[in-house]
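>>> based on what follows, work out the 3D shape:
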Amino acid sequence: MADLIRAMGAPIGPPVKDKLGSPSTESEDGGGDIAELAADLELDEADGPSTNGERQAVLAPPETEWYHGRLDRYTSEERLWAAGKLGSYLVRESDRKPGSYVLSYLGRTGINHFRITAVCGDYYIGGRQFDSLTELVGFYSHCSDLLKRERLVEPVPPPEPVNDKKRVVAILPYTKMPDTDELTFQKGDIFFLHNDMGDGWLWVTAHRTGEQGMIFRELVEDLDPSIDPNTVFSWFHPNCTKSEAVDMLVKAGPGSFLVRPSDNSPGDYSLFFHINNQIQRFRIEKKGVRYLMGGRTFECLDAVINRYRKEQIVEGHTLGQPLIAEGHVIEPQQNTTGAAAEKIYATLRECRDQIGLKKTKGIKHQGYLNKKSDKGAKKWKALYFVLLQEGTDTHLYFYDSPKRTKPKGLIDLSCAYLYQVARVVWLRALRVRCLTAHRLPARLAPRPHLRLALGAAPVASTKPRPSPDPHWDDEFVFEYMQELVMPREEYNPLRQLLLEPGLPAVKALADLCRTDRQPLATSLLHAFSECGRGAELARELVGAEVAREADHRAMFRAASLATALLDEFMRAHCKPFLQAAISETVQRLIDAKQSAELNPTKMDSPDDACNNAEFLLMILDQITLSIFTSPEACPRPVRYLCGCLQRAAVAKWPNERFVRTRVVSGFIFLRLICPALVDFKRLGPGVDLPACARAALAAHGGQNLQNLANLEPYMEVVNPFILKNKERMVVFLDQLSNVPDPGNPPPNTNNNFDIGKNSITKELATLHHICVSHLTELQGLAKTQPAIRKLVTVTEMLTKHKHKYLEMIR
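Below is the predicted model:
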């Protein structure tokens, strides 16, 4: 018999933030001439590559708005009733069980209290694991219901600020034992305290390295709350004013830098960097015990500085020499003598020997079980499991090994069911998940994929896999929707409203429907292209996007309806251009059978680096020559849109020399050509490559170009190629964009989008569904905008008509 544990909630927390990108120009300030900086520092954001498909971070209100520290149940309920709004919530430390937390929530059924289990810096609720309380609050605010159709809405702030974050400083050094969760540290190191593990051991995060682990309580003392722990870093200036920082950097010269507390955003930090005759400032946000800069998350402030000492923070520049602060070393208040230190170490050895005995208390079962990996490989791994009963709570912890103190995760058995099933039943249940095929002829099915259908209606497909023995391990999440598409004439009022001059309804939807961005872009483009106005739609949206952007270096960096629609527009029109520009070079790349890999971690031997670099430069020369000589193959509507982009950008920033080039190159190269090199299907049906050739194409071509765009250090060998082709690139993009009008496509044609006769009606039905989903926000805008009032009226009218059709069906 086998024990099958079916957890009610996935043990994985919310989506992690994408750590790609460049130092953002979410910088709170920026650069200017040295003479002007003391009086007024203008915003100057660092330039960097845009990335597609960025995963959105789960946003939560600041911790100061909902965390109340240690609080009893009765007082928390009083504060929620005083707020008096459904969806109100607060988080508190349990007064009966210090070290654990409670999420108190006022919903439709009254007040509910949800226990949050805190273990070694992680937080668990309902079987889900989170890195911080902030991530937990953000997840149940935006990603998942706390109760059925109820989410966290209104944070209840504490009556006075709460500051119960405990920090300690080491009074003696320590070296960890191998294969344990202990930390090695020096005297003066600072730690953030998470849990008291008992027997004198604490679970902490080391401030200097961001590493989590155990330390012994007698080796540390409490840190003065008024001291900023970053004072341990020589380049941190806690008491330096903005003007003093500028003066010191001017004297220190180009390349110098320092970090100080932010004036504009208390709790955050400012990185000051001297570049030639400019001082640029970048904001470093504090997120719990972590730091956020340029879309990347860092474990400590020192990690931010170390990265940009090696990587370009601004094009062509890395952090140079630090400006050393005076008196940056934190000395412990307690001065431990040799005899006292030896006594502490002796006590530590005794406690270390006894910690294994302590760990067995409350354990009902322990041993190894196989758990399926949460990563892409989906492999089964043997982990050490401990079934632990603490009072009325029963948790199943799992560890990498018995020596580890911090679990990889836990299963809350109050949110799970335990079944005993026969092995044959268990294998039968798994069989539907094991999808394989064997000995498929590569000639007939070079990259097969599976289509999933509900009855006769296709609902999903797997990713393609190489022949002859493909294996699929894709997972799908389905949402059932009772879709009803009314006759086309029912949607005519909505269609006419969307097509009104100036597109006010479309622009309102662009601002509201961020979660439905992709289906909205597809449906709008199909509807407008049917009457020959697809280019006009794209022109209006990108023009509005440029007008809204404050800094030219951040243009189209974030995903929006305009970027989604322009991507869709280019994919529909540009297959002939891609075939003319890159298909010949792609074939040469495949025939050469030479690797162009420069990533040291992916090369078979470091000796291949020179040959690979020479081959890559040859391929780049060929492909750029092919692209530069193919502007006439680019469809006229796409060239017209590139011209519109240039004119809008130049009108907004007339004094920026390269803005006309930057605004077009991002779309043509990073959003069109690079994805086409990675995904050969964008080259069109005329390009038929064998499976091995496609894999080589992705590895050699597009991936290297994307690595180059992301400023990977090993791509420095390509810098001479970039300088050589810079002016040619400007000429090519100007020539490509030199089209005054999109031409005159015949109306009522939509061949580029492969639309059937009933598909436009389905797209209009999708637009109506999106309007219904955002009806509340549209009603708010309708109070001040007459055009939106019409959209609300039409949406409500179509909803009534839809209900009548549903009644007829029943």
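>>> residues contacting the residue lying closest to residue 170 once chain neighbours are set aside?
In space, residue 170 comes closest to residue 189 once its chain neighbours are excluded; the distance is 4.6 Å by Cβ to Cβ, 6 or more residues apart in numbering. To be clear about C-beta, it is placed using only N, CA and C from the backbone, and glycine gets the same treatment. With contact taken as Cβ atoms under 8 Å, 6 or more residues apart in numbering, residue 189 is in contact with 169-170, 206-208, 232.
>>> pLDDT of the longest helix seen in the chain, averaged?
Ranked by residue count and defined by DSSP state H, the top helix of the chain is helix 786-809. Mean pLDDT, computed over helix 786-809, is 82.
>>> show me what it is in contact with.
Here helix 786-809 makes contact (Cβ under 8 Å, 6+ apart) with 482, 484, 486, 490-491, 493-494, 497, 500, 504-505, 508, 768, 771-772, 775, 778-779, 781-782.
>>> same question, stretch 636-643
Contacting residues not belonging to stretch 636-643 are listed as 534-535, 538-539, 542, 566, 569-570, 573-574, 577, 631, 664, 667-668, 733, 736-743, 745 [Cβ under 8 Å, 6+ apart].
>>> identify those among those that sit within helices.
Using DSSP H, 534-535, 538-539, 542, 566, 569-570, 573, 577, 664, 733, 736-737 are the members of these that sit in helices.
>>> just to revisit the earlier point, mind putting the contacts of residue 189 into CSV with distance to residue 197?
Written out in CSV, the entries for these read as follows (distance: Cβ to Cβ, whole Å):
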residue, distance to residue 197
169, 19
170, 17
206, 16
207, 19
208, 21
232, 25
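>>> can you flag the buried ones in those residues?
Burial of the contacts of residue 189 was assessed by neighbour count (16 or more other Cβ atoms under 10 Å); the buried members are 169-170, 206-208, 232.
>>> quick check: buried residues in the longest helix of the chain?
787-788, 790-792, 794-795, 798, 802.
>>> per-residue pLDDT, the residue nearest to residue 170?
The predicted structure scores residue 189 at 80 on the pLDDT scale.
>>> thinking again about what came up before, how far does the longest helix of the chain sit from the chain's center?
Average the C-alpha atoms of helix 786-809, do the same for its chain, and the two points are 36 Å apart (Cα atoms, centre = their mean, to the nearest Å).
>>> before we move on, what SS does residue 225 have?
Under the three-state scheme (DSSP: H, G, I helix; E, B strand; the rest coil), residue 225 adopts coil.
>>> so what's it up against?
For residue 225, the residues meeting the contact criterion (Cβ under 8 Å, 6+ apart) are 163, 167.
>>> for the record, mean pLDDT for stretch 528-548?
For stretch 528-548, the mean pLDDT works out to 82.
>>> for that stretch, buried residues please.
Buried, per 16+ other Cβ under 10 Å, within stretch 528-548: 528-546.
>>> again with stretch 767-774
Within stretch 767-774, the residues that qualify as buried by neighbour count (16+ other Cβ under 10 Å) are 767-771, 774.
>>> closest one of those residues to residue 108?
Using Cβ to Cβ, residue 774 is the member of those that sits closest to residue 108, with 23.1 Å.
>>> relative to residue 776, how far out is the residue lying closest to the closest one once chain neighbours are set aside?
Computed as Cβ to Cβ, 6+ apart, the closest residue to residue 774 that is not its neighbour in sequence is residue 512, at 4.9 Å. Taken as Cβ to Cβ, to the nearest Å, the spacing of residue 512 relative to residue 776 amounts to 10 Å.
>>> who has more neighbours, the two?
Taking other Cβ atoms under 10 Å, residue 512 and residue 776 do not tie; residue 512 has more neighbours (21 against 8).
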